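Asks: 3D, please:
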Amino acid sequence: MSLRPLALNALCICHPDAKVQAVQSLWAQQTHVALDASEHISPSPHLALPGRPTLPRLIPAKDVPTRTPFTPEGLAALMHAICHIEFNAINLALDAVWRFPNMPLSYYTDWLRVAYEESQHFEMLHTHLKSMGYAYGDFDAHDGLWHMCQKTANDVLARMALVPRTLEARGLDATPLIQTKLRKAATPAALQAVELLDIILREEVGHVAIGNHWYRWLSEQRGLDPVSLYGELVQRYEAPKLRPPFNEEARKRAGFTDTELSYLRGV
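Replies: Reported below is the predicted structural model:
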């Protein structure tokens, strides 16, 4: 099997530990795996994508309750929410690998690397969550990331615009705010979570940068202006309106221009 079908196989795995193992194995063996960028791939019709464990409920993002880190269960619920984001991020990266044909080789290796690093993030967070007496799948979660993945399934340009550089970039803004709350909680579990989020934030900057790179590359290939196009895509696909505060320092390191940051601020 070549890289893209193997990425689809990993995407279909439901058990978190098995998915992590599959992704990390694929990353380790990538130099021995062929790539056919033009290959047409059709998932089996009986498969429900993405592969994931059974959660109590998948609810709209607006219905997710506020999670406080100031109680043991509240902290566990918060860590579970971040685990869910990272698990989704594995799936999103794998979907970017298998779904879109005829991209340059570096596109596929970029997103495979993202899947690998997201699997490491999930593994770290899940280990921490289990040390608190819980596991991934113990709490409700929302499905906003995957919904946008489905909406953009037919256009790699829209995918790059609205998943990595919109929804996932929101993590660059949210993480410092979460860390501030965790420091105020000041329990050993909360402070360990701060350290884990430091690692994740540093690597997520690189993931968003990959999304920015391929969004701009695709815009150039199609002769489109990436700044004006972005607003059109937000409206066309009904992407969520981003609101401040923005982590402008992290966003600049991820490749956002001053013009793009002004757009986000509504200037």
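
Asks: what segments of the stretch 101-250 of the chain are helices?
Replies: Counting by DSSP state H, counting those that start in this stretch, the stretch 101-250 of the chain has helices at residues 105-131, 144-151, 156-162, 170-185, 188-221, 226-236, 248-253.

Asks: looking at these, which one has the lowest mean pLDDT?
Replies: Per-stretch mean pLDDT for the helices of the stretch 101-250 of the chain is lowest at helix 144-151 (a mean of 90).

Asks: list the helices and strands that helix packs on?
Replies: On a contact count with 3 or more CB pairs under 8 Å, 6 or more residues apart in numbering; DSSP states H and E, helix 144-151 meets helix 72-99, helix 156-162. Backbone N, C-alpha and C define where each C-beta goes, glycine included.

Asks: including mean neighbour count, could those helices go into TSV?
Replies: Shown next, in TSV, are those (neighbours: other CB atoms under 10 Å):
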stretch	mean neighbour count
helix 72-99	23
helix 156-162	23
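
Asks: most packed of the helices of the stretch 101-250 of the chain?
Replies: Neighbour counts (mean count of other CB atoms under 10 Å) averaged over each of those peak at helix 156-162, with a mean of 23.

Asks: helices or strands next to it in the packing?
Replies: Counting contacts by 3+ CB pairs under 8 Å, 6+ apart, helix 156-162 is packed against helix 72-99, helix 144-151, helix 188-221, helix 226-236.

Asks: between those helices, which one is closest to Lys130.
Replies: Among those, the nearest to Lys130 by CB to CB is helix 72-99 (9.9 Å).

Asks: which SS state does Gly51 fall under?
Replies: Assigned by DSSP: H, G, I helix; E, B strand; the rest coil, the conformation of Gly51 is coil.

Asks: and it, how many neighbours?
Replies: 20 (other CB atoms under 10 Å).

Asks: was I right to think it contacts Pro16?
Replies: No - Gly51 lies out of contact with Pro16 (CB atoms under 8 Å); the separation is 9.8 Å.

Asks: might you report the residue contacts of Val156?
Replies: Taking CB atoms under 8 Å, 6 or more residues apart in numbering, we find Val156 in contact with Ala96, Arg99, Phe100, Met103, Trp214, Leu218.
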